[in-house]
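Chemist: pasted the sequence and its predicted model underneath.
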Amino acid sequence: MKSLPARQEQYQGVMDIPNEMQHCSVMQSHKGRSRDGHPLLSVVDDDESVRESLPDLIKEFGFAARAFSSAEEFLSSGSVDETSCLILDIAMPGMSGPELHQELKRLGQQIPVIFITGQRDETIRARVLKQCAAGLLLKPFSDVDLLAAIETALQGM
Amino acid sequence: MKKLGQDRVHEIKHLQRCINDLVSLMALPAIWSGHEPSQIVEMLLDALLNMLGLEFVCARLDDPVTAAPVEILRVAESCKLKVPRQDIGVALAGWLKRDREIPLPPTSAFGEKISIVPVPLGVHGEIGMIVVGSERENFPSQTESLLLTVAANQASIALREAVLLNEQKQIASELDRRVVQRTAELASTNEELRREIAERKLAETLLSQSHAQAVRSEEKWRSVFENSAVGVALADLNGRFIGTNPVFQKMVGYTDDELRQLTFLEITHEDNVEHNRALIRDLVGGKRQQFQVENQYRRKDGQAVWARNNVSILPGTDREPRFLMALSEDITQRKLSEDALAKARLELTKVASITSLGVLTASIAHEVNQPLSGIITNANTCLRMLSADPANIDGARETVRRTIRDGRRASEVITRLRTLYSKKDPIVEAMDLNEAAREVTALSSTEIQKNGVTLRQELADDLAPAFGDRIQLQQVILNLVRNAVDSMSTIDSRPRELLIRTEWDNENQVRLSVRDSGAGLTPEAADRIFEAFYTTKSDGMGIGLSVSRSIIEAHQGRLWATPNDGPGCTFSFAIPCMPKALADEETGRHPADSAADAA
């Protein structure tokens, strides 16, 4: 069985970094580091199975990871300053993913954000990417796609 | 430090590829969205060709509108078959057929060993068929089978959505067309109305003049009367005609002389008589000077004609008593188009409710995709932990535990779906269960015939109206019918018979049952068939009966299954209806009512 060749090109629609982001000037330095020296990735998702599984995978990639069940929990956690990259669910009760993204910008926090969503709605996708997100992954996504998105996001630092 | 065996490394890599392929397949619908069915299939074939390293892949797609199948063939560039491309398509014709009766053709046409696998699109292959070919003898492996099934499922959902979208577009454009047509009709009606008002004013002016200058303008008045574009009729206070113009005579089909023997009310359609009588009484009694009414006249030839009438009472003179004048315009055409419009709207509502049946399946697919995310992440993590050096066995065990638990969680999705149905109160209305059943069988008749099933309906004609949500109940009936048809698909030793019956269940409930001559139920299955994710079908999801039971329970009814005396089994549901005593009383009174009407 061959794996699908050149899958990145073929499925660009799923996780490309589109043109409308090129003029965004978000990619500024961010010095987030967890205490053990690995870049800290924070996961914010109301789905418990994502909060359990994703941090383990991220740790396998060699990063530090923490999970939060809501935007509010993340904001009040004290982890905001340490976070190098945020993996953020779009649809959550309370403050939504895009709203948290805006709030972080308002607070002067330039954390690159990778949105994850189970909804295949084109309008949400377009709106999120206009907000200068570092990436957008549709659930379910593969480890390879996630790692690529994280590396792209961290390169902007 | 333990070294991983070569076999295990190989197997882990293999599983990783499988998961990645699975993710690629899950991502396809996002790319497909908005595309035409044939484009969706082309993309699917390309993906499968690459992913599975096939020699060729071919698809037949049934167009639900024209019923003309589209066939698409993809042959790998590296294809080692000596058969020319065009011959591959010909040799595959037998494989692309849906008919399960015909044994699959031999592969000898390809001149060498090849493994060919047909994969149906849609639960019953009603959307189409995919046929893949590989030169590998052990094709398809377990994981390859899984990938093929997932790919076909994803494509089926996307194709159904594409068809639905197309239908909705068609409905929208049809509505637009009718609105434009209707607007044009209204505009022209308005124009006519303006003209009519002008004419009426003219007629009134002339009429008042005629009173003042009765003798002198007699001829002028007569000319207007005779040549008016609208019908004009004069009558005495009893409504007896004393003069009509040619337009009016033509409209009602009587001559002037014949009309002079008749009254307004005698040529008025029986439905409108009382209303008109009251209006004329008001006119004569001085309560009003004039009235406008749209009513039907009965023509001499018995045909009904719609007219808009402006009726006024005109003051008498010394020599003449007061009299009535009606200006009548034939609006039959407009009424017919209004009726056609109402009918079209009704049809469109029906289409909309039928398409909502399809929406249910789409929503299930979407909901089930969600928990798969956790499962895939866990599986990926597990494989990474196992391939690490040293392997993180404890971590892997934990991820496997979570994978299993997430699988269970997926079934909670169905529980949520059930709650959705029990929470969402059905829109309860008095509905005809027989009619609902007839609509469903009409909808499934092609499927029933295609499967060689004989349908018999025994619908009780003394059934009281049931209380329920028609659309939801039709979903249940449709589900039971499909299950019954499926259960007989492998039966060849006896006739495939489907019986749909309605009857009284008790004094307050009506029952509908669906009886098949299929494989029947084992005692073990009979206990579990209503559980979510339990299925006896090779290609079912195990959701239909579980959701059906929720719907019936939300109706304060019950749904159950019983084995037949002979082969097969019967599914029945009973729901509340108008109590028998009340219903008998109603039907008992009806004949008397109609007799009174006739008299």
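Modeler: That came in fine, so what should we check first?

Chemist: quickly find the element holding B:Val131.
Modeler: Assessed by DSSP states H and E, B:Val131 sits inside strand B:128-134.

Chemist: who does that strand pair up with?
Modeler: Strand B:128-134 pairs in its sheet with strand B:56-62 (antiparallel), strand B:115-121 (antiparallel), by DSSP bridges.

Chemist: was I right to think A:Leu88 contacts A:Gly97?
Modeler: Yes - if you go by C-beta atoms under 8 Å, A:Leu88 and A:Gly97 touch, sitting 4.4 Å apart. Just so you know, the C-beta spots here come from the backbone N, C-alpha and C atoms, and that holds for glycine as well.

Chemist: returning to what we had before: next one: the strand holding B:Val131 to chain centre, how far?
Modeler: Mean-position distance between strand B:128-134 and its chain equals 31 Å (C-alpha atoms, centre = their mean, to the nearest Å).

Chemist: grab the most central residue of chain A for me.
Modeler: Centroid-nearest residue in chain A: A:Ile114, 2.1 Å away (criterion: C-alpha atoms, centre = their mean).

Chemist: off-centre distance for the strand or helix carrying B:Arg281?
Modeler: Secondary structure assignment for B:Arg281, by DSSP H and E: helix B:273-284. Centroid displacement of helix B:273-284 relative to its chain, using C-alpha atoms, centre = their mean, is 46 Å.

Chemist: same question, stretch B:237-246
Modeler: Offset of stretch B:237-246 from its chain centre (C-alpha atoms, centre = their mean): 52 Å.

Chemist: ok, B:Ala574 to chain A distance?
Modeler: According to C-beta to the nearest C-beta, to the nearest Å, B:Ala574 stands 39 Å off from chain A.

Chemist: that residue touches B:Arg558, doesn't it?
Modeler: Yes - using C-beta under 8 Å, B:Ala574 makes contact with B:Arg558 at a distance of 5.9 Å.

Chemist: packing partners of the helix holding B:Arg281?
Modeler: On a contact count with 3 or more C-beta pairs under 8 Å, 6 or more residues apart in numbering or on different chains; DSSP states H and E, helix B:273-284 meets helix B:264-267, strand B:290-298, strand B:304-314.

Chemist: please list the residues outside it that contact it.
Modeler: With contact meaning C-beta atoms under 8 Å, 6 or more residues apart in numbering or on different chains, helix B:273-284 is reached by B:237, B:239, B:264-265, B:268, B:288-291, B:293, B:295, B:311-313, B:324.

Chemist: send the alpha carbons of it over as PDB?
Modeler: Provided in PDB are the C-alpha atoms of helix B:273-284 (Å, rounded to 0.1, in the frame of the first residue of the first chain):
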ATOM      1  CA  VAL B 273     -75.600  32.500  -3.600                       C
ATOM      2  CA  GLU B 274     -76.100  33.300   0.100                       C
ATOM      3  CA  HIS B 275     -73.300  35.800   0.300                       C
ATOM      4  CA  ASN B 276     -74.600  37.600  -2.800                       C
ATOM      5  CA  ARG B 277     -78.200  37.600  -1.600                       C
ATOM      6  CA  ALA B 278     -77.100  39.300   1.600                       C
ATOM      7  CA  LEU B 279     -75.100  41.900  -0.300                       C
ATOM      8  CA  ILE B 280     -78.000  42.700  -2.600                       C
ATOM      9  CA  ARG B 281     -80.300  43.000   0.400                       C
ATOM     10  CA  ASP B 282     -77.900  45.600   1.900                       C
ATOM     11  CA  LEU B 283     -77.900  47.500  -1.400                       C
ATOM     12  CA  VAL B 284     -81.700  47.600  -1.700                       C
END
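
Chemist: in it, which residues are buried?
Modeler: For helix B:273-284, burial by neighbour count (16 or more other C-beta atoms under 10 Å in any protein chain shown) applies to B:Asn276, B:Leu279, B:Ile280, B:Leu283.

Chemist: per-residue pLDDT of the residue in chain A that chain B sits nearest to, please?
Modeler: Using C-beta to the nearest C-beta, A:Ser49 is the residue of chain A that sits closest to chain B, at 3.3 Å. At A:Ser49, the model reports a pLDDT of 81.

Chemist: now name the helix or strand holding it.
Modeler: Taking DSSP H and E as the criterion, A:Ser49 maps to helix A:48-61.

Chemist: and that helix, what does it pack onto?
Modeler: Helix A:48-61 sits against strand A:40-44, strand A:64-68, strand A:83-89, helix A:143-155, helix B:332-387, helix B:393-423, with contacts defined as 3+ C-beta pairs under 8 Å, 6+ apart.

Chemist: what comes into contact with the second one?
Modeler: Counting contacts by C-beta under 8 Å, 6+ apart, the residues outside strand A:64-68 that touch it are A:34, A:36, A:38-45, A:50-52, A:54-56, A:58-59, A:74, A:77, A:79.

Chemist: buried members of those into ChimeraX, please.
Modeler: Buried residues among the contacts of strand A:64-68 (16+ other C-beta under 10 Å), as a ChimeraX selection:
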select /A:34,38,39,40,41,42,43,44,45,50,51,52,54,55,56,58,59,74,79
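
Chemist: just the element for the closest residue to A:Gly62 other than its chain neighbours, please.
Modeler: Nearest-residue entry for A:Gly62: A:His38, 6.6 Å, with adjacent residues in sequence omitted and distances by C-beta to C-beta, 6 or more residues apart in numbering or on different chains. Using DSSP H and E, A:His38 falls within no helix or strand.
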